[in-house]
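Colleague: model the structure of this input:
(chains A and B)
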2 protein chains.
Amino acid sequence: MAEEHPNGEVTAAFLVIGDEILSGRTKDKNIGFLAEYLTAVGIDLREVRVVPDEQDKIVSAVNALRNEYTYVFTSGGIGPTHDDITADSIAAAFGVSIGVDPRARAILEDHYPEGQLTDARLRMAHIPAGADLIENKVSKAPGFRIGNVHVMAGVPSIMQAMVDAIVPTLKTGRKILSRTVDADLPESRLAQRLGEIQADYPDTMIGSYPRAKDGRFTTQIVIRSRDETPLANATAAVEAAVVEASNQTA
Amino acid sequence: MAEEHPNGEVTAAFLVIGDEILSGRTKDKNIGFLAEYLTAVGIDLREVRVVPDEQDKIVSAVNALRNEYTYVFTSGGIGPTHDDITADSIAAAFGVSIGVDPRARAILEDHYPEGQLTDARLRMAHIPAGADLIENKVSKAPGFRIGNVHVMAGVPSIMQAMVDAIVPTLKTGRKILSRTVDADLPESRLAQRLGEIQADYPDTMIGSYPRAKDGRFTTQIVIRSRDETPLANATAAVEAAVVEASNQTA
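Modeller: As a prediction, this is how the structure comes out:
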């Protein structure tokens, strides 16, 4: 199980499952959504992996991640087709059996017209033994949670609805506060002072993000902390550094 | 080093380095770009990881990936600021020294006005021993290649220019051909036949991708193969299955 973190830190990893992301055919929208959502509720997303629809790759990634982080989230591969192998792979990772879950079957029976719950659709009721279901308000076929692993659909609208269903069940950490300072300067003109400010304020994390825009380089500096006082002090120091650098000739 | 692959298969992994992607502050654009590019030149992108700006995380990911795949690409963390620790981390992963590279220094001296190559900017000339430089047409500060690992900037315009510079130096595999069939049906109505067609054509990979659009579900089926004949035959079978399913009542 995940290590205990000091300061009430709650960590997470996200495993995206799908050949279509790795071939570039589908552009992932779930990483950015989940990253922003978890940050907002005080959970630190610490790692993302994208793996193909292959059982050995899924099993080894799930087992590596669930042992290292408080929570693991997966997206993709829980539909009705032959290439949807996530549920079987998660069962293999946990060493548990998998079969038609009566709760999931009841949800699908309720959803499809009489006689339309084909074998293929019934695949979506295959849930590893011991798992809890995750509600799917969009298209009914549920996700599931087993241990610290939350298994969700890959279609963004369904994945997002599942995240909404899951988050109230999670323990969340102390939120990380942040301030952003925009500098109309390339980051090389700020780099030395930012390093000094980072050293002066060890309770903050200062990130510097260059942007190319209209052929010029600008920089966003993001200051993060769990405490308001060092955050405010470090932000003031960064703002002063930006003004100072702007007043110097390049 | 990477295992040899049968059938001339060339594989790759992509390591995205950056707290800003994991916090959701920056939405990654490099994964989709690289995935599509590598597919187009016949290199199979097999895994993506996103890790924070922390040396131990970068080192362990680089070492895991460079031993498993033909090529590794990284993006992010090679700028001039204190949070840019990718070059040091790559040197640590390879167990080599790192210092100011005279070739990289010459590029930066040529780029900046006399006297403007500050210590911070000179950080961008720190290159692990034994590495080759990767040209940066956009903002000059180079990336580098060491062993099978290609280290690139995170800013998309620079990263893309570096990919253009790298790809001609790579061995590429036999291209995977693909056909796409659009079905105005939810995938559960096609799932059983697609599984049968996949079994009939083992030299193809048939992927089924559900989409939610205007409250309805449609499906794209992508058929992939390295050979034209099984590709054409499997595609024809999928098209017939879509027509057949469309003619049945739901």
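
Colleague: only C-alpha atoms for contact and neighbour calcs from this point on.
Modeller: Will do.

Colleague: quick one, strands of chain A?
Modeller: When assigned using DSSP state E, the strands of chain A occupy the ranges A:11-17, A:44-51, A:71-75, A:98-100, A:126-128, A:132-134, A:143-146, A:149-152, A:177-183, A:205-213, A:216-225.

Colleague: select, out of the ones you listed, the one closest to A:I107.
Modeller: strand A:132-134 (10.5 Å; CA to CA).

Colleague: what's next to that closest one, contact-wise?
Modeller: Residues from elsewhere that reach strand A:132-134, judged by CA atoms under 8 Å, 6 or more residues apart in numbering or on different chains: A:104, A:142-146, A:152, A:162, A:165-166.

Colleague: buried ones among the residues you listed?
Modeller: With neighbours counted using 16 or more other CA atoms under 10 Å in any protein chain shown, the contacts of strand A:132-134 contain these buried positions: A:104, A:142-146, A:152, A:162, A:166.

Colleague: domains of chain A?
Modeller: For chain A, automatic domain parsing gives the domain ranges A:6-169, A:177-247.

Colleague: mind giving me a markdown table with those and columns for mean pLDDT?
Modeller: Below are the domains of chain A laid out as a markdown table (pLDDT from 0 to 100):
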| stretch | mean pLDDT |
| --- | --- |
| domain A:6-169 | 95 |
| domain A:177-247 | 91 |
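
Colleague: so which bits of the helix ranked longest in chain A are buried?
Modeller: Once chain A is assigned using DSSP state H, the helix that runs over the most residues is helix A:228-247. Within helix A:228-247, the residues scored as buried using 16+ other CA under 10 Å are A:230-232, A:234-235, A:237-239, A:241-242, A:245.

Colleague: same deal with stretch A:163-171?
Modeller: If you call a residue buried by 16+ other CA under 10 Å, then stretch A:163-171 has these buried ones: A:163, A:166.

Colleague: do stretch A:53-65 as well
Modeller: Buried, per 16+ other CA under 10 Å, within stretch A:53-65: A:53-55, A:57-59, A:61-63, A:65.

Colleague: from the middle of its chain, how far away would that stretch be?
Modeller: Taking CA atoms, centre = their mean, to the nearest Å, one finds stretch A:53-65 lying 17 Å from the centre of the chain it belongs to.

Colleague: what's that stretch in contact with?
Modeller: A:13, A:15, A:17-19, A:49, A:51-52, A:72, A:77, A:83-86, A:88-90, A:92-93.

Colleague: filter these by proximity to chain B?
Modeller: A:19, A:49, A:51-52, A:83 (CA under 8 Å from any CA of the partner chain).

Colleague: which of those lies closest to A:D184?
Modeller: Within those, the smallest distance to A:D184 is 33.8 Å, found for A:R49 (CA to CA).

Colleague: for that closest one, grab the count of nearby residues.
Modeller: Close neighbours of A:R49, defined as other CA atoms under 10 Å in any protein chain shown, add up to 23.

Colleague: now do A:Q248
Modeller: Neighbours around A:Q248, by other CA under 10 Å: 8.

Colleague: returning to that earlier point: most tightly surrounded among the domains of chain A?
Modeller: With neighbours defined by mean count of other CA atoms under 10 Å in any protein chain shown, none of these is more surrounded on average than domain A:6-169, at a mean of 20.

Colleague: contact partners of stretch A:167-182?
Modeller: Contact with stretch A:167-182 is made by A:8-10, A:39-43, A:218-228, A:231, A:235, A:238-239, as judged by CA under 8 Å, 6+ apart.

Colleague: tell me the contacts of the closest residue to A:V155 other than its chain neighbours?
Modeller: Counting by CA to CA, 6 or more residues apart in numbering or on different chains, A:V155 lies nearest to B:R211, which is 6.5 Å off, once chain neighbours are set aside. Residues counted as contacts of B:R211 (CA under 8 Å, 6+ apart) are A:155, B:217-220.

Colleague: same deal with A:H126?
Modeller: A:H126 makes contact with A:87, A:98-101, A:104, according to CA under 8 Å, 6+ apart.

Colleague: one more: A:A35?
Modeller: A:45, B:21-24.

Colleague: which among those residues gets closest to A:D203?
Modeller: Nearest to A:D203 among these is B:S23, at 17.5 Å by CA to CA.

Colleague: now do the closest one against B:H150, distance only.
Modeller: B:S23 sits 25 Å away from B:H150, going by CA to CA, to the nearest Å.

Colleague: cool, and A:G154?
Modeller: Separation of A:G154 from B:H150 (CA to CA): 30 Å.

Colleague: likewise for A:K213?
Modeller: Taken as CA to CA, the span from A:K213 to B:H150 is 25 Å.

Colleague: likewise for A:R226?
Modeller: Going from A:R226 to B:H150 by CA to CA gives 35 Å.

Colleague: kindly report the same for A:P230.
Modeller: 37 Å.

Colleague: go on, A:P128?
Modeller: Counting by CA to CA - A:P128 and B:H150 are separated by 40 Å.

Colleague: again, but for A:E239
Modeller: Where B:H150 is concerned, A:E239 sits at a distance of 35 Å (CA to CA).

Colleague: ok, A:Q160 next?
Modeller: From A:Q160 to B:H150 the distance is 34 Å (CA to CA).

Colleague: now do A:A161
Modeller: Using CA to CA, we find A:A161 at a distance of 38 Å from B:H150.

Colleague: reformat the contacts of A:H126 as TSV; add distance to B:Y112.
Modeller: Output for these, formatted as TSV (distance: CA to CA, whole Å):
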residue	distance to B:Y112
A:A87	55
A:I98	63
A:G99	65
A:V100	66
A:D101	66
A:A104	64
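
Colleague: so how far is the first residue of stretch A:106-122 from its last?
Modeller: End-to-end distance for stretch A:106-122: 10 Å, by CA to CA.
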